[in-house]
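Q: Let's see this in three dimensions:
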Amino acid sequence: MPPKKHTSTSKEENKAASNKEVKDQPEDAVEDKEDVGSKRKPDEKTEEPPQKKEKTSAVGEDIVKDKSESVDESKKAHSLEKGHIYFFYRPKVDADEVGSIDDVQKAYMILKPYWSSDAKRSPTLIVLGKKKLPQVEQHARYWGFVGKTSSNIDDVVGALKESTYSTKTKGERTIQAARPMGEGVYTITSHNGHSHLAYILTLPEEPTKVQDAFNIEKQASIVLNVKNPKKSSPPGSGLSGNEKAEFPDKLQKAFSDRRFVAMETTDFLNYDYCELVMIGATEDLDKELGKTAKDLEKMEEKDEDHVDYVGVDKVVFKDLHLEADQNPVAPLKEWK
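A: Numbering: from 1, shown residues only. The predicted model follows:
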């Protein structure tokens, strides 16, 4: 009888059949089978299939990118207004000479806009509470208000000129003219839910002891909040009596029932007695405001050319229609 043939498949044939079966399956099925069925040695590393890894990586990058763009957009500073800024102080009536801030009666900040996101903005004189700007390093909070706003710059700077008044006991007395102590450029921006007044000084080139006394930096950013005139003021601050801003309904509604709001529109500054809370923010404009800070730097460069053309001793008076003999320019560098 011939020998009986073996019907069992050899190991080589089994392996070949197995490989054929695997090749005929979809690629995903192969990956699943290898992940679930294979046993690996403890020190054996397994890499994720390239196609799957690339897909996961691409999706992840899209998510991160979209999130990053969203955050940057929400924090982006948007310019509301641009213009020239001026700082003045007025000596006390009895002060023959001014040697420190103790001899100063009032300090002013004048904004002369040349561009605004609102339809119309007028030059504005702001009276500084505590006779100075808030300290940036300490994030101090100081109060101020719009003393005068008008489309006619002569009306605005009228408060800076010399004047006289009479008293029963001392007769006629003279209120000395205000002295300029700084000139530069500014922008008001809406930024991350609040508003900033950012400025860069052109004159003087670097702050002196005069500017230091009023916390006027070479450049700085100050947070601006507007007070609701229908709400009471904290003790020791704010205007009283009839000295309250009368905003139109569209501006008054912005407060709702709040005492303060961010300045989302500079139209607030078009109204006398608009009360402000100013908070020192930072000297690092690039970090705080990004591209808006770069725009402000370009404005300052143009202002330097303007100052050089008109003259250091003349530019403030020419811009504001003031008389140099009444408003001495010396405080730009020293007390006067």
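Q: When you work out contacts or count neighbours from here on, use the C-alpha atoms and nothing else.
A: Will do.
Q: Strands of this structure, start to end?
A: 78-91, 104-116, 124-128, 141-149, 163-167, 171-175, 179-191, 194-203, 219-227, 260-262, 275-282 (DSSP state E).
Q: could I get the ones you listed as CSV with mean pLDDT, distance to Leu269 and mean neighbour count?
A: Below are the strands of the chain laid out as CSV (pLDDT from 0 to 100; distance: least, C-alpha to C-alpha, whole Å; neighbours: other C-alpha atoms under 10 Å):
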stretch, mean pLDDT, distance to Leu269, mean neighbour count
strand 78-91, 95, 11, 22
strand 104-116, 96, 10, 20
strand 124-128, 97, 7, 25
strand 141-149, 95, 7, 22
strand 163-167, 86, 26, 10
strand 171-175, 85, 26, 12
strand 179-191, 93, 11, 25
strand 194-203, 94, 12, 24
strand 219-227, 94, 9, 24
strand 260-262, 95, 13, 19
strand 275-282, 92, 9, 24
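Q: For Asn327, which of these is the nearest?
A: Smallest distance to Asn327 across the strands of the chain (C-alpha to C-alpha): 5.2 Å, for strand 179-191.
Q: which helices and strands does that closest one pack with?
A: Contacts defined by 3 or more C-alpha pairs under 8 Å, 6 or more residues apart in numbering; DSSP states H and E place strand 179-191 against strand 78-91, strand 194-203, helix 209-213, helix 291-310.
Q: quick one: which of the strands of the chain is nearest Pro331?
A: Nearest of the strands of the chain to Pro331, taken as C-alpha to C-alpha: strand 179-191 at 5.1 Å.
Q: neighbouring strands for that closest one, and are they parallel or not?
A: For strand 179-191, the paired strands and their directions (DSSP bridges) read strand 78-91 (antiparallel), strand 194-203 (antiparallel).
Q: residue contacts, Asp267?
A: Contacts for Asp267 (C-alpha atoms under 8 Å, 6 or more residues apart in numbering) come out as 118, 120-121.
Q: Surely Cys274 is in contact with Lys227?
A: Yes - here Cys274 reaches Lys227: they are 7.4 Å apart, a contact under C-alpha atoms under 8 Å.
Q: can you tell me how far the closest residue to Val146 other than its chain neighbours sits from Cys274?
A: Distances taken as C-alpha to C-alpha, 6 or more residues apart in numbering put Ile126 closest to Val146, at 4.4 Å, once the chain neighbours are dropped. From Ile126 over to Cys274 the distance is 9 Å, taken as C-alpha to C-alpha, to the nearest Å.
Q: quick one: common contacting residues for these two?
A: Shared contacts of Ile126 and Cys274, counting by C-alpha under 8 Å, 6+ apart, come down to 145-146.
Q: Enumerate every residue touching the spatially most central residue of the chain.
A: For the chain, the residue nearest the mean C-alpha position is His196 (3.5 Å; C-alpha atoms, centre = their mean). By C-alpha under 8 Å, 6+ apart, the contact list for His196 reads 187-190, 221-224.
Q: Please apply the same query to Lys148.
A: Contacts of Lys148 (C-alpha under 8 Å, 6+ apart): 124-126, 155-156, 271-273.
Q: let's see 7 Å
A: Taking C-alpha atoms under 7 Å, 6 or more residues apart in numbering, we find Lys148 in contact with 124-125, 156, 272.
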